[in-house]
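# What follows is a protein structure lacking sequence information:
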């Protein structure tokens, strides 16, 4: 009877160990981080125009043995992303990209595999690189971003190293951005004929936004190739 009790306890311990072994997924203390980088090509994907840190875009987390994704997160202003509260196991991190081979008109998946081995581990997948393309022309749009003093309505100063975004025609989101120089100026070049929205983000001093920032937008239409346009100052807080 004593031997049977020991055997039963051993069997119980083994079953408990396997029962407590957690599958990949949520409930742990580990994390996966990275950055989403977008290569912007010309229309036929023969030339890289620029690379940008892609903000406000979805990155997905999945596991090899399950259909669908576990979670999706939006990238921060600098393209970074993070998945938290993960158990040890194998994961797939992916995002959608234009097909640079032009074999498909549909978006393709760009993915990387990562294995969490410890119960409290933070792993970086580095840069996850996706692609898009845009039509190239020979027009420019430029201007300046100014910051408004919150304490003195008569004081403005150049916004240095501020991100300025551009949306072409009916695109739902920007495909590129630039940064202002030390004196607040920006320039978008090699633009085709079309309608454009130019914007920068401002602090929401009236508290009407859940994100504490709002876009300050200007727009114009380029009707002829070779047009050099200058917009009025974009004023942000």
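Okay, I see it. Bear in mind the structure is a predicted one, so any value in this text is a computation, not a measurement.
# how near is residue 79 to residue 207?
Distance, residue 79 to residue 207, by C-beta to C-beta, to the nearest Å: 27 Å. Heads up, the C-betas are built off the backbone N, CA and C, glycines and all.
# make that residue 230, sorry
As judged by C-beta to C-beta, residue 230 and residue 207 stand 33 Å apart.
# now do residue 131
Distance, residue 131 to residue 207, by C-beta to C-beta: 38 Å.
# Between those two, which is the more surrounded one?
Neighbours were counted for residue 131 and for residue 207 using other C-beta atoms under 10 Å; residue 131 has more, 19 against 7.
# Which helix or strand contains that one?
Residue 131 belongs to strand 122-133 when assigned by DSSP states H and E.
# Each with direction, which strands does whichever helix or strand comes after that strand pair with?
Next along the chain after strand 122-133, taking DSSP H and E as the criterion, comes strand 139-148. Paired strands of strand 139-148, with direction, are strand 156-158 (antiparallel), strand 185-191 (antiparallel), strand 228-230 (parallel), strand 234-236 (parallel) (DSSP bridges).
# for the ones you listed, which one ends up most surrounded?
Ranked by mean neighbour count under mean count of other C-beta atoms under 10 Å, the strands paired with strand 139-148 are led by strand 234-236, which reaches a mean of 19.
# contacting residues for the nearest residue in space to residue 76 that is not next to it in sequence?
Leaving aside its chain neighbours, residue 76 sits nearest to residue 55 (6.4 Å; criterion: C-beta to C-beta, 6 or more residues apart in numbering). Residues near residue 55 by C-beta atoms under 8 Å, 6 or more residues apart in numbering: 75, 76, 77, 78, 79.
# The same query, at a cut-off of 6 Å, please.
Residues near residue 55 by C-beta atoms under 6 Å, 6 or more residues apart in numbering: 75, 77, 79.
# hang on, isn't the last one packed against residue 56?
Think residue 79. No. Residue 79 is not in contact with residue 56 according to C-beta atoms under 6 Å; the separation is 9.5 Å.
# Mind checking which of the two has more residues around it?
residue 79 (20 against 14).
# Nearest spatial neighbour of the more buried one, chain-adjacent residues omitted?
Of all residues beyond its chain neighbours, the one nearest residue 79 is residue 53 (3.1 Å), with distances taken as C-beta to C-beta, 6+ apart.
# ok, that neighbour - how many residues close by?
The local packing of residue 53 (other C-beta under 10 Å) involves 17 other residues.
# Please determine how far it is located from residue 177.
For residue 53, the distance to residue 177 equals 9 Å [C-beta to C-beta].
# And for residue 99?
23 Å.
# Repeat that for residue 105.
25 Å.
# Next: residue 49.
When distance is defined by C-beta to C-beta, residue 49 is 12 Å away from residue 177.
# Which one's more surrounded, the two?
Taking other C-beta under 10 Å, residue 49 and residue 177 do not tie; residue 177 has more neighbours (20 against 17).
# wouldn't that one be in contact with residue 145 here?
No. At 11.9 Å, residue 177 and residue 145 do not qualify as touching, with contact defined as C-beta under 6 Å.
# Many thanks, we can stop here.
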